[in-house]
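Undergrad: Fold the following, please.
(2 chains)
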Amino acid sequence: MRVVLNILEHLMAAVIGCGFLFALALNFANVVGRYVFHAPIYWAEEAMIFTFAWCVFLGAALVALRSNHLRVELLDWVLPEKARRALAILIHLVTIALMIFVAWHAWSLVEMVERVQQTSIVGEIPMTVPYGAVLVGSTLLAFASLVRTIELITGIEKPSEPGPLPP
Amino acid sequence: MTWLIALLPLLLLALGFPIYVVLLASTSTIAMIYMDIPLTLVPQVMFGSLDKFTLLAVPFFIFAGEIMSEGGISRRIVEWLLSMVGRLRGGLAYATIGASEFFGAVSGSSPATVAAIGKLMYPALLRGGYSDRFSLGLITSSGAVASVMPPSIVMILYGAASEQSVAALFAGGVVPALLIGALTVSYIGWASRRQTPSDEHRLALPLVWQATRDAVWALGTPIVILGGIYLGIFSPTEAAGVASVYGIFVTMAIYREVDIAGLWRITLNSALLTSQILIIVAASGVFSWLLTVSGIPQALVQILGGSAQTTWTMLLLVNVFLLIVGCFVDPVSAIIILTPLLVPLMQSLGVDLVHFGIFLTVNLSIGMFTPPFGLNIFVSQALFKAPLPTIYRGLVPFIVLQLIALAVVTYVPEVSLTLADLVRK
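TA: You can find the predicted model right below:
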């Protein structure tokens, strides 16, 4: 279980990191193209936005696996350990239901744009690409919450890593 | 339905649900009960909220800030400032303020500034004879200026949500950020009037020259970012991307303090930070759509507008409300949730939306270091192993100073708008 999860985490991290660097390079190439060669990359903006959509939704699942999403931590201070754990399980169960709901409708949406062959306006990239990010992301978010629920119930928790600092 | 829209998010928020779940769950529940709409709208609007080129400035500025703090840029800025003011009475404290303003002009993140500058200045301040309480208060509060000084992540999010020019918002933040710095500097001058200056930092021209030469690449960063935007060469997003590439070049090729493994770590870190923020933006699109169709912002305008308040008292009320929100909710979430709610109110009051964006940012940046839950407080606590009560007490004078700055920024629109108007016209 842990091994599979580790491989999945590394895979997601690899996709996110490469996507991030790709968008960074594309942005720079576009700026250089426009000001130096007077030849902007016309599909660059759309490609960057679609790449980041994937980074954001995959990244959100990775953040969820580490329980690092932004939230109001008021009750953590006042509740006893047991109640806190029960509340955390409740939160994860609601998240699972919600993300299955989002994934379900994202699936219909992907099917629909696939049927009508909808593409983006400038670069003519299939719209299944960005909506697919919502589909895969919400599925993985549900999965991440499932993993956390199991960890909370069995008490086998991965030692938490210090998270990055939000702005 | 109106009550459910107001109460459900508050309940979920208080229970500690992740912010993006709060927004999505409340909207989905209400949409399923009361509305007859195709629910494929939910994933569609989620992506639609991210489908804005302006928002791409968020990941790029995060990356630029991360690589510059890890790659020795913040250290060189601190050394450069110390070489000039280190010898003065209160010099170390001045250098902390200056370095925070400078680092804020490179990074848009307030806790990152506390971490980057604090790690360098806290030991120096203690060695220089400042009390633990004063040093912690100074460092914890001084990071807040980073979200007011452009580039600012919070302002990008506000600009995207309110459809205001990010370049104008950035320009509008410069004078308020300097004002906060100037007020703090005057307070330090008064507080350290009886202090013996430290002997650690001699003022000698060759040393200043050497520190300047060493820092010149670091000092160039704000020029690349802001110069590029205001000369009309780049959009804020492109400037952010160029600043990232500049950061990679300076830290990897010139200073050689970041290697390939470091670059990968910084990239992943930035990507995860980006996800934390933009997943909330994605979820908020659905929520603000619900707000709009339910007519709540307009109802709010009517109720508050009908209460016959003057603009002056109304701005006071809004500021007090935001300060309370800021004590519990982080600025990113607060700005994403509250912008669609408050913008119609500001329009009805005739408040310029760039001006609103600026005092909203200044206000929420104060929330970063107000007890009990300001994030910067926990950064200081973790970094310096400091007890919370000491930090809380040290913060008091700085909270007062920044409240004064907030009042000025709120009631004197020219402080924000003079530079912003130059960009808008």
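Undergrad: rest of the way, CA atoms for contacts and neighbours
TA: Fine.
Undergrad: Which strand or helix spans the closest residue to chain A within the stretch 151-300 of chain B?
TA: In the stretch 151-300 of chain B, no residue comes nearer to chain A than residue B:275, which is 4.4 Å away by CA to the nearest CA. If you go by DSSP states H and E, residue B:275 is part of helix B:260-294.
Undergrad: so who does the residue nearest in space to the middle of chain A touch?
TA: The residue lying closest to the centre of chain A (CA atoms, centre = their mean) is residue A:57, at 2.0 Å. Residues in contact with residue A:57 (CA atoms under 8 Å, 6 or more residues apart in numbering or on different chains) are A:133, A:134, A:136, A:137, A:138, B:275, B:279.
Undergrad: Neighbour-wise, which one of the residues you listed leads?
TA: residue A:134 (30 neighbours; other CA atoms under 10 Å in any protein chain shown).
Undergrad: re the thing from before, gap between the nearest residue to the residue of the stretch 151-300 of chain B closest to chain A once chain neighbours are set aside and residue B:369?
TA: Of all residues not flanking residue B:275 in the chain, residue A:56 sits nearest, at 4.4 Å (CA to CA, 6 or more residues apart in numbering or on different chains). Going from residue A:56 to residue B:369 by CA to CA, to the nearest Å gives 28 Å.
Undergrad: Residue B:84 too?
TA: From residue B:84 to residue B:369 the distance is 29 Å (CA to CA).
Undergrad: Comparing the two, which shows the higher neighbour count?
TA: Ranked by neighbour count (other CA under 10 Å), residue B:84 and residue B:369 place residue B:369 first, with 31 against 21.
Undergrad: ok, now which ones touch residue B:395?
TA: Residue B:395 neighbours (CA under 8 Å, 6+ apart): B:134, B:136, B:137, B:138, B:140, B:141, B:369, B:370.
Undergrad: For it, pull up the helix or strand it's in.
TA: Using DSSP H and E, residue B:395 falls in helix B:388-411.
Undergrad: out of the contacts of residue B:395, which one sits closest to chain A?
TA: Proximity of those to chain A (CA to the nearest CA) peaks at residue B:369, which lies at 12.6 Å.
Undergrad: that older thread, now do the same for the residue nearest to residue B:275: helix, strand or coil?
TA: Classification of residue A:56 by DSSP: H, G, I helix; E, B strand; the rest coil places it in helix.
Undergrad: Can you give me the neighbour number for it?
TA: Neighbourhood size, residue A:56 [other CA under 10 Å]: 30.
Undergrad: what's the answer for the one 4 residues further on, then?
TA: Taking other CA under 10 Å as the criterion, the count of residues near residue A:60 is 30.
Undergrad: which residues touch the nearest residue to it once chain neighbours are set aside?
TA: Take residue A:60 and drop its neighbours on the chain: the residue closest to it by CA to CA, 6+ apart is residue B:275, 5.2 Å away. Shown in contact with residue B:275 (CA under 8 Å, 6+ apart): A:55, A:56, A:57, A:59, A:60, A:63.
Undergrad: Recalculate using a threshold of 7 Å.
TA: A:56, A:57, A:59, A:60 (CA atoms under 7 Å, 6 or more residues apart in numbering or on different chains).
Undergrad: Perfect, that will be all.
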